[in-house]
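Q: Provided below for reference: sequence and predicted model.
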Amino acid sequence: MHPDRFVAMASVPLQFPELAAQILEDGVKRLGMRGVTMGGHINGEDPSLPKYDVFWARASEMGEVVFMHPGGAENIIREGAFRGRGARSKAPIPVIRELAKRLESHHVRVGEPKSGPIFRNDAGKPMDLNNLLNRTILPALNRCAACQESKAEHDKADHDFERDPSLPEWRGWHAFRRGLATNLYRLGVPDKTIQAILRHANVTTTQTCYIKTVSDDAKAAMEKLETLLASNRPVNSAAPLPDPSTLPVTIH
């Protein structure tokens, strides 16, 4: 009744974070759920503990609403409950040299501030990423294949809008991190190194939610295994380490 006014939300067993992530995805994709509900603690534990990263990563990846009911959860109202994970969350972020150069140029262009957000609005506050997405990114990506007008400006055109398939599709902000993890993985970088670059508390989060193997990967892996078996050569269990000169630099 009234599906336009009432929606169902999933309830997941957060005592088992990986299973909770799987059930959330199944509920949304197969059953049409519109997010997930949870309490303010899991058997007395804070939901922000590293063991729950795999669940939060999946919810973020899917862009689903998480409704938290704080009733009876004294742990989330105590002093310091929202301070994050300390110095580890403020560690330097590794970036490739080309990106570092562009960030340095941006830093100079905005007046070389000593502190504050890297990307700020006119008031000096952090830029609203949703505004950036809706005003700049989506109009640039969603263009008509025939006239190259953005979808928002296509109302007066004399033809139907058909999105230009040559342009990439927006997959969400976390797609940048998933893409980085997947590309590093395909280059042979070990999972633990990828975990350190993304600053995940648990390598399982990196493997489950960020490294996306595709059919080409599986096919290439099987062909490599077939070649090794046919030549009776041993399989190397360790992936080759990257050249130190290609490792990312860090910025503060």
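A: That came through fine.
Q: where in this protein is pLDDT low?
A: Along the chain, the model assigns pLDDT under 70 to residues 1-3, 71-91, 214-219, 222, 225, 229, 231-252.
Q: can you map out the strands along it?
A: With strands called from DSSP state E, the chain shows them at 10-11, 36-39, 66-69, 93-95, 249-251.
Q: tell me the most buried of those?
A: Highest mean neighbour count of the strands of the chain: strand 36-39, a mean of 18 (counted as mean count of other CB atoms under 10 Å). No exception for glycine: its C-beta is placed from N, CA and C like everyone else's.
Q: mind listing the helices for the stretch 101-250 of the chain?
A: Counting by DSSP state H, counting those that start in this stretch, the stretch 101-250 of the chain has helices at residues 129-132, 138-141, 174-186, 191-198, 203-205, 215-231.
Q: output those in JSON lines; the columns should cover mean neighbour count.
A: Converted to JSON lines, those look like this (neighbours: other CB atoms under 10 Å):
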{"stretch": "helix 129-132", "mean neighbour count": "11"}
{"stretch": "helix 138-141", "mean neighbour count": "14"}
{"stretch": "helix 174-186", "mean neighbour count": "17"}
{"stretch": "helix 191-198", "mean neighbour count": "17"}
{"stretch": "helix 203-205", "mean neighbour count": "19"}
{"stretch": "helix 215-231", "mean neighbour count": "10"}
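Q: possible to save those helices as TSV with distance to K151?
A: As requested, the helices of the stretch 101-250 of the chain are exported to TSV (distance: least, CB to CB, whole Å):
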stretch	distance to K151
helix 129-132	17
helix 138-141	8
helix 174-186	20
helix 191-198	33
helix 203-205	35
helix 215-231	31
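Q: and the ones you listed: which comes nearest L31?
A: helix 174-186 (22.8 Å; CB to CB).
Q: what packs against the closest one?
A: helix 53-62, helix 191-198 (3 or more CB pairs under 8 Å, 6 or more residues apart in numbering; DSSP states H and E).
Q: hmm, back to that, among the strands of the chain, which is nearest V110?
A: strand 249-251 (14.9 Å).
Q: right, and P139 touches H154 too?
A: No - assessed by CB atoms under 8 Å, P139 is found out of contact with H154, at 10.6 Å.
Q: picking up where we left off before, of all the helices of the stretch 101-250 of the chain, which one comes closest to G39?
A: Checking those against G39 by CB to CB gives helix 203-205 as the closest, at 21.7 Å.
Q: so what does the closest one touch, helix or strand wise?
A: helix 53-62, helix 191-198.
Q: next, format those as a markdown table and append distance to I118.
A: Below are the helices and strands packed on helix 203-205 laid out as a markdown table (distance: least, CB to CB, whole Å):
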| stretch | distance to I118 |
| --- | --- |
| helix 53-62 | 21 |
| helix 191-198 | 18 |
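Q: closest one to K125 among these?
A: Closest approach to K125 among those (CB to CB): helix 53-62, 22.6 Å.
Q: and that closest one, how far from the chain's centre?
A: The chain centre lies 8 Å from the centre of helix 53-62; the measure is CA atoms, centre = their mean, to the nearest Å.
Q: could I get the buried residue list for that helix?
A: Going by neighbour count (16 or more other CB atoms under 10 Å), the buried part of helix 53-62 is D53, V54, F55, W56, A57, R58, A59, E61, M62.
Q: then stretch 152-160?
A: Within stretch 152-160, the residues that count as buried by 16+ other CB under 10 Å are H154.
Q: can I get the CA coordinates of that stretch in PDB?
A: Presented in PDB, the C-alpha positions along stretch 152-160 are these (Å, rounded to 0.1, in the frame of the first residue of the first chain):
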ATOM      1  CA  ALA A 152      19.500  19.800 -17.900                       C
ATOM      2  CA  GLU A 153      19.700  22.100 -21.000                       C
ATOM      3  CA  HIS A 154      18.200  19.700 -23.500                       C
ATOM      4  CA  ASP A 155      14.500  20.700 -23.000                       C
ATOM      5  CA  LYS A 156      14.300  22.900 -26.100                       C
ATOM      6  CA  ALA A 157      16.100  20.500 -28.500                       C
ATOM      7  CA  ASP A 158      14.200  19.200 -31.500                       C
ATOM      8  CA  HIS A 159      15.300  15.600 -30.800                       C
ATOM      9  CA  ASP A 160      15.200  13.100 -27.900                       C
END
